[in-house]
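Asker: predicted structure and sequence below. I'll ask about it afterward.
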Amino acid sequence: MISPAPDLQELTRLRALAEHSHAVITQYQDAGGAYPASPTFSAYKGYAWLRDGSFTAEGISRYGDVASAGRFHDWVDGVLRRRRGQVDDLRAALARGEVPSNEAMLPTRFTFDGEDGSDPWWDFQTDGYGMWLWSVVTHAARHGLDLARWREGIDVAVDYLVAFWDRPCYDWWEEHVEHRHVSTLGAIHGGLVAVGTCSSLRSAPWSAAALKVAADIRSLVTAEGIVDGHLVKWLGSSAVDGSLPACIVPFGLVSPDDSLAAMTRAAVAKDLDFDGGVHRFTADVFYGGGQWILLSALLGWNLAAAGDTAGALKHLRWIADQVDEHGDLPEQVPHHLLHPGSRNEWVARWGPVASPLLWSHGMYLILADELGFTIADYLESKDA
C-alpha cells in the first residue's frame with residue numbers, strides 16, 4: 001500500500017503524464033527506430049545514444065508498446081551488425097598485444113542512420129552496450145519474443161564487452177576517460193548477466209565468457225569500488241554519483257536487500273537528493289549542476305524495489321511537478337543548483353536545457369509502472 005496514497009485527482013495527473021510521456025517518445029522516434037536524445041537541443045539533435053535509448057525502450061516496453069520498443073531494438077541490432085568487422089579488428093589487435101586508441105573504439109552515440117557523428121564528442125563509452133543487452137533481453141522476456149530477431153547484434157555487443165570491459169572510458173556523463181567507473185561496470189555486468197543466464201542464449205559460444213566477466217566485475221568492484229560501506233563513483237574514489245543506484249536496480253551488481261545497497265542508496269540520498277530531485281555529483285557544473293529528472297526516477301525505482309513505496313512516490317510526485325507548459329520533462333531543472341555561477345556559460349554555449357529529454361520521459365514511465373500507474377491504461381485504450 002502506497003502511503004500517503006494519491007487521491008483521484010493526483011492519480012489522474014500521474015497517469016496523464018505517463019500517457020504524455022509515451023506520446024512524446026513515440027512522436028519523436030525516428031522512422032528507422034532510433035530514439036533521439038532530444039529533438040531540439042543543439043548538442044543532442046540528430047543523435048541517438050544506446051544509454052538513453054535502452055532506458056527509454058524499457059519505459060516504452062513496460063507501458064505496453066511492444067512495437068515501438070521493438071523498432072528501437074531492431075535499429076540497434078542493425079547498427080551493431082554493421083560494426084561486426086570493426087569489433088573483429090579491435091579484438092584481433094588486442095590479441096596481438098596492441099592497445100587500440102580511444103578513437104578506434106565503438107562510439108557512444110550514432111546518427112539516426114547508424115553512422116558516427118561528424119562533430120567531435122567524448123565517444124568511447126562502454127556502458128550503453130551493456131545497457132542495450134539488458135534492455136533487449138528484458139523486453140523479449142516481458143513480451144514472450146524470440147531473441148533470434150536481434151541475435152547478430154547481441155553477438156557483436158557481447159564480443160566487444162568481453163574484450164574491453166575493464167578498459168577505462170568516459171562515464172555516463174561523458175567525463176573522466178582516465179577512470180574505471182562503477183556505474184559503467186554495473187551496466188556491463190547487467191547486460192552480460194542478462195544474456196549469460198537467458199535460456200535461449202545458453203548455447204552461444206560466448207555464454208561462459210560473459211558470465212566469467214560478470215563475476216570478474218563483481219570481484220573488482222568489491223575490492224576497489226566500495227568505501228565506507230557504499231559504492232563509489234569510480235575505482236579509487238570516495239565520492240558518490242547519482243547513477244550508482246543502477247548498479248542495484250536494474251543491473252543486479254548488488255541485491256536490493258543487501259547492506260551495500262542500503263548504504264549506497266543512503267549515500268546518494270544524503271549527498272545528492274534535495275526534496276526529491278537528484279543531482280549527478282557534487283562537483284557538477286553542467287548548467288549549474290541542477291537536479292536531473294531521470295536520476296530522481298532511478299533512485300525512486302530503487303526505493304520501490306527495496307519496499308519503500310512512499311519514498312518512491314515522493315520522487316514520482318517531484319518529477320510530475322517539473323513539467324513545462326507543454327507537459328514535457330527536461331533533462332534537469334534549476335531549482336537547487338550546486339554551482340549556479342556556471343549556468344550562464346552553458347546557456348550561452350548550447351542554449352536552454354534540453355526539453356523534452358526522451359530519457360526523462362522513459363524513466364518516468366519506468367517508475368510509474370513500478371508503482372502501478374501506466375500499463376493498464378494503455379492496454380485499455382488499445383482495446384477501446
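Answerer: That came in fine, so what should we check first?
Asker: tell me where the model's unsure across the stretch 51-200 of the chain.
Answerer: Along the stretch 51-200 of the chain, the model assigns pLDDT under 70 to no residue.
Asker: recalculate using a threshold of 90.
Answerer: Applying pLDDT under 90 to the stretch 51-200 of the chain flags residues 117-122.
Asker: do the stretch 251-384 of the chain as well
Answerer: Within the stretch 251-384 of the chain, the segments meeting pLDDT under 90 span 372-384.
Asker: swap the cut-off to 70 and go again
Answerer: Where the stretch 251-384 of the chain drops to pLDDT under 70, the residues are 374-384.
Asker: and the helices in it?
Answerer: 259-272, 293-305, 309-320, 343-350, 358-370, 375-383 (DSSP state H, counting those that start in this stretch).
Asker: would CSV of these with mean neighbour count be doable?
Answerer: In short, each C-beta sits where N, CA and C put it, glycine included. Formatted as CSV, those follow (neighbours: other Cβ atoms under 10 Å):
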stretch, mean neighbour count
helix 259-272, 18
helix 293-305, 26
helix 309-320, 21
helix 343-350, 13
helix 358-370, 27
helix 375-383, 13
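Asker: nearest to Leu8, of those?
Answerer: Nearest to Leu8, of all the helices of the stretch 251-384 of the chain, is helix 375-383, at 13.9 Å by Cβ to Cβ.
Asker: would a markdown table of the helices of the stretch 251-384 of the chain with distance to Val195 be doable?
Answerer: Formatted as a markdown table, the helices of the stretch 251-384 of the chain follow (distance: least, Cβ to Cβ, whole Å):
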| stretch | distance to Val195 |
| --- | --- |
| helix 259-272 | 23 |
| helix 293-305 | 22 |
| helix 309-320 | 28 |
| helix 343-350 | 36 |
| helix 358-370 | 21 |
| helix 375-383 | 25 |
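Asker: quick one: closest of the ones you listed to Val156.
Answerer: Using Cβ to Cβ, those put helix 358-370 closest to Val156, at 23.4 Å.
Asker: the closest one - contacts with which helices or strands?
Answerer: Contacts defined by 3 or more Cβ pairs under 8 Å, 6 or more residues apart in numbering; DSSP states H and E place helix 358-370 against helix 8-28, helix 50-63, helix 293-305, helix 309-320.
Asker: in a markdown table: these, plus distance to Trp121.
Answerer: Converted to a markdown table, those look like this (distance: least, Cβ to Cβ, whole Å):
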| stretch | distance to Trp121 |
| --- | --- |
| helix 8-28 | 21 |
| helix 50-63 | 13 |
| helix 293-305 | 20 |
| helix 309-320 | 28 |
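Asker: between those, which one is closest to Val333.
Answerer: Here helix 293-305 is closest among the helices and strands packed on helix 358-370 (Cβ to Cβ), at 7.4 Å.
Asker: and the closest one with helix 50-63, angle?
Answerer: Computed by axes from the mean of the first three to the mean of the last three Cα atoms, to 10 degrees, the angle separating helix 293-305 from helix 50-63 equals 50 degrees.
Asker: mind exporting helix 293-305 as PDB, just the C-alpha atoms?
Answerer: These are the backbone C-alpha positions of helix 293-305, laid out as PDB (Å, rounded to 0.1, in the frame of the first residue of the first chain):
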ATOM      1  CA  ILE A 293      14.600  14.000 -13.700                       C
ATOM      2  CA  LEU A 294      16.000  10.600 -14.800                       C
ATOM      3  CA  LEU A 295      18.100  10.300 -11.600                       C
ATOM      4  CA  SER A 296      15.200  11.100  -9.400                       C
ATOM      5  CA  ALA A 297      13.300   8.300 -11.200                       C
ATOM      6  CA  LEU A 298      16.300   5.900 -10.800                       C
ATOM      7  CA  LEU A 299      16.500   6.500  -7.100                       C
ATOM      8  CA  GLY A 300      12.700   6.100  -6.800                       C
ATOM      9  CA  TRP A 301      12.900   2.900  -8.800                       C
ATOM     10  CA  ASN A 302      15.400   1.600  -6.300                       C
ATOM     11  CA  LEU A 303      13.400   2.600  -3.300                       C
ATOM     12  CA  ALA A 304      10.400   0.900  -4.800                       C
ATOM     13  CA  ALA A 305      12.400  -2.300  -5.300                       C
END
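Asker: for that helix, packing partners?
Answerer: helix 259-272, strand 277-278, helix 309-320, helix 358-370.
Asker: and it, how far out from the chain's middle?
Answerer: Once both centres are worked out by Cα atoms, centre = their mean, to the nearest Å, helix 293-305 turns out to sit 12 Å from its chain's centre.
Asker: now the angle between helix 309-320 and that helix, please.
Answerer: Using the same axes, to 10 degrees, helix 293-305 lies at 160 degrees relative to helix 309-320.
Asker: just to revisit the earlier point, mind putting the helices and strands packed on helix 293-305 in CSV, distance to Arg151 included?
Answerer: Shown next, in CSV, are the helices and strands packed on helix 293-305 (distance: least, Cβ to Cβ, whole Å):
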stretch, distance to Arg151
helix 259-272, 33
strand 277-278, 36
helix 309-320, 35
helix 358-370, 25
